[in-house]
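>>> any chance you could fold what I've pasted below:
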Amino acid sequence: MDLPSEDDGLSRRQFVRAAVAAGGTAALSACLDSQEQESLAAPVGVTDPETLPDRQHAWNERLPKDSDGNVGRSSHHVFLTLSLTSDPDPDAREQVEMTLRNLERALEWGPDGVLFTLGYTPAYFDRFEGSLPDSVDLPEPEPITAITAESQVEIDESDAMLHLASDDPAVVLAVEEALFGERDSLNGSAIEAGLTPVFERTGRRTGFVGAGLPADRQTNLGGIPDGEPVPEEAPFFMGFRSGFSESQATENRVTIQDGPFAGGSTQHFESLELDLDIWFDDNDHEQRVARMFSPEHAREGSVGSVGEKLDSATGAKAVTDSIHEHAREDGAVGHAQKLARARDDGQPVLLRRDVNTTDGDVAGLHFLSLQRKMAEFTSVREAMLGEQFHQYGLGPRQPNGILQYIRLRLWGSYLLPPRSLRALPRPRP
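Just a heads-up that it's a prediction; the model follows:
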């Protein structure tokens, strides 16, 4: 996309989000100018990367918590799909590990600096003779396309995905430039060749999350009706809070426990376009609550304008037994209500870190989940489909959760190795 000018009438929040979406050296310079900085001012990183946890996905200790104790997310995100340009030999492995350690030395590990993970697709491991151990559940990605009839799904067949996250938009841009661009240093620390001797970028997606950010971006955006319906305090385009601690798996629950990749996790990533014209124009607030949470939530008024009444729990678990009654008598079932039926002994199995996106100038969501086994993600997604409610006339274009308001565009599966194996791992390390 083209880099905007601050003379275009954008707010500062709109401008920096657009700069992150545009990427590149010019976007970084413009972002620094908007912050009245001549250079990156992020906190310097740890002296020794060995002090960081072996779990790449161990972010929660560094992320902020809201007043209800829910773990938050960094504000700005870049997702880079990568393809190998050289063999994954010891030299390439050393280059990747050296680059990532230099990045950790350059910036604080956390939202004030940067958080990142590097995950590998089944296609990456297919190049090796050996297969992944039984302790790793990473089948070939098979999109569950029954979500909506309009879904046109691209499968990520690259080798890897690098996820960068920071509260500072200049940081994610500077890191990307240091890893793949013209910069040979970051925050005064040498990065040298970065990842370019080993990887090329084959895809770039961006995201953001936080109260006020979706509302700031809703004007003239595809998929959103006129009238700016997204509440100012909402952190997501659909108007409600997310990430309630009661409905999130712990980092330990999503961590592989056995085998050579113990300490790692599996990651699912998909991109969704949102039909917010229908979501806001065809439903009042009570109907949106019923579809997102449950009809009982709507009747009791237990959600509030953006979910502020829910504190740290959606309460969806308490209404799972009533779901067939709601389908039959209310003609609707809730998205959260369906997902709560796919827990393990009452406990969530997915740790979600999804963010809003305006890639392609359309309102959307990058859905990212971590789980110990990809089969656990599949069981949750099948619960989301709610096919058992078709008997009540609730097909995918009816009030069967939020199915009718989303269109699937990208689907990918990844192994996040432990930090000690993150540089071009072999399937049997």
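>>> is it correct that residue 292 is in contact with residue 242?
No: using CB atoms under 8 Å, residue 292 makes no contact with residue 242, being 9.6 Å away. Glycine gets a C-beta too; all of them are placed from N, C-alpha and C.
>>> looking at these two, which one has more neighbours?
When residue 292 and residue 242 are compared for neighbours, residue 292 comes out ahead with 26 against 20, by other CB atoms under 10 Å.
>>> now the element after the helix or strand bottoming out on mean pLDDT in the chain, going C-ward?
When each helix and strand of the chain is scored by mean pLDDT, DSSP states H and E, helix 25-34 comes last, with a mean of 75. The first helix or strand that comes after helix 25-34 along the chain, using DSSP states H and E, is strand 76-84.
>>> just checking: what are the partner strands of that next one?
strand 160-166 (antiparallel), strand 199-208 (antiparallel) (DSSP bridges).
>>> so how far is the first one off the chain centroid?
What it means is strand 160-166. Taking CA atoms, centre = their mean, to the nearest Å, one finds strand 160-166 lying 10 Å from the centre of the chain it belongs to.
>>> for the next helix or strand after that strand, which helices and strands make contact with it?
Sequence-wise, the next helix or strand downstream of strand 160-166 (DSSP H and E) is helix 169-180. Helices and strands touching helix 169-180, by 3 or more CB pairs under 8 Å, 6 or more residues apart in numbering; DSSP states H and E, are helix 12-22, helix 25-34, strand 76-84, helix 90-106, strand 160-166, strand 185-186.
>>> can you tell me what sits against the shortest one?
If I follow you right, that is strand 185-186. Residues outside strand 185-186 that contact it (CB atoms under 8 Å, 6 or more residues apart in numbering): 40, 102, 103, 106, 107, 174, 175, 178, 191.
>>> with pLDDT and distance to residue 374 added, can I get those residues in a markdown table?
Shown next, in a markdown table, are those (pLDDT from 0 to 100; distance: CB to CB, whole Å):
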| residue | pLDDT | distance to residue 374 |
| --- | --- | --- |
| 40 | 78 | 37 |
| 102 | 93 | 32 |
| 103 | 94 | 28 |
| 106 | 92 | 33 |
| 107 | 94 | 31 |
| 174 | 93 | 33 |
| 175 | 95 | 28 |
| 178 | 94 | 32 |
| 191 | 87 | 33 |
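>>> circling back to that earlier point, tell me the angle the least confident helix or strand of the chain makes with helix 169-180.
For helix 25-34 against helix 169-180, the angle by axes from the mean of the first three to the mean of the last three CA atoms, to 10 degrees is 150 degrees.
>>> list the buried ones in helix 25-34?
27, 28, 30, 31, 32, 34 (16 or more other CB atoms under 10 Å).
>>> tell me which of these is nearest to residue 348?
residue 31 (35.9 Å; CB to CB).
>>> isn't the closest one up against residue 19?
Yes: with contacts counted by CB under 8 Å, residue 31 reaches residue 19, the gap being 4.4 Å.
>>> which residues are in contact with each of these two?
Common contact partners of residue 31 and residue 19 (CB under 8 Å, 6+ apart): 169, 173.
>>> picking that back up, quick one: which of the helices and strands packed on helix 169-180 is nearest residue 376?
strand 160-166 (19.4 Å).
>>> same question for that closest one, mean pLDDT?
Strand 160-166 carries an average pLDDT of 98.
>>> so residue 236 versus residue 352, what's the distance?
Using CB to CB, to the nearest Å, one obtains 11 Å as the distance from residue 236 to residue 352.
>>> neighbour count for the two, which is higher?
residue 236 (22 against 19).
>>> that one and residue 356 touch, don't they?
Yes: counting by CB under 8 Å, residue 356 is a contact partner of residue 236 at 5.9 Å.
>>> what touches both of those two?
With CB under 8 Å, 6+ apart, residue 236 and residue 356 have common neighbours 209, 214, 365.
>>> show the contacting residues for the second one.
In this case it means residue 214. So residue 214 contacts 230, 234, 235, 236, 237, 356, 363 (CB under 8 Å, 6+ apart).
>>> who's in contact with the fourth one?
For residue 236, the contacting residues are 209, 214, 242, 356, 365, taking CB under 8 Å, 6+ apart as the criterion.
>>> and what of the first one?
Neighbouring residues of residue 230 by CB under 8 Å, 6+ apart: 214, 215, 218, 224, 237, 239, 276.
>>> between these, which sits nearest residue 122?
residue 237 (30.7 Å).
>>> how close does the residue of the chain most remote from its centre get to residue 385?
Centroid-distance maximum for the chain: residue 329 at 35.1 Å, with CA atoms, centre = their mean. Going from residue 329 to residue 385 by CB to CB gives 21 Å.
>>> go on, residue 72?
Taking CB to CB, one finds residue 72 at 29 Å from residue 385.
>>> re earlier: right, and the pair among the contacts of residue 230 with maximum separation?
By the measure CB to CB, 215 and 276 form the most distant pair in the contacts of residue 230, at 12.1 Å.
>>> with neighbour numbers in mind, choose between these two.
Neighbours were counted for residue 215 and for residue 276 using other CB under 10 Å; residue 276 has more, 24 against 19.
>>> contacting residues for that one?
Counted by CB under 8 Å, 6+ apart, residue 276 has contacts 223, 224, 225, 229, 230, 237, 238, 363, 405.
>>> tell me the secondary structure for the fourth one?
What it means is residue 229. Secondary structure, DSSP: H, G, I helix; E, B strand; the rest coil: residue 229 is coil.
>>> my guess is it contacts residue 282, does it?
No: look at residue 229 against residue 282 with CB under 8 Å: they stay out of range, at 11.6 Å.
>>> the two: who's more crowded?
It is residue 229, of residue 229 and residue 282, that has more neighbours when counted by other CB under 10 Å, with 17 against 13.
>>> just the pLDDT at the more buried one, thanks.
Confidence for residue 229, expressed as pLDDT, is 95.
>>> repeat that for residue 147.
The model reports residue 147 with a pLDDT of 52.
>>> what do you get for residue 142?
89.
>>> next, the distance between the ends of stretch 401-408.
Terminal residues of stretch 401-408 lie 15 Å apart, using CA to CA, to the nearest Å.
>>> do stretch 35-45 as well
By CA to CA, one end of stretch 35-45 lies 21 Å from the other end.
>>> and stretch 357-368, what's its mean pLDDT?
On average, stretch 357-368 scores 96.
>>> okay, buried residues for it please.
357, 358, 359, 362, 363, 364, 365, 366, 367, 368.
>>> do the same with stretch 178-196
178, 179, 180, 181, 183, 186, 187, 191, 194, 195.
>>> quick one: the fifth one from residue 177, how far?
Remark: distance between residue 183 and residue 177 (CB to CB) = 5 Å.
>>> quick one: low-confidence ranges for this protein?
Within the chain, the segments meeting pLDDT under 70 span 1-12, 36, 38, 41, 47, 145-151.
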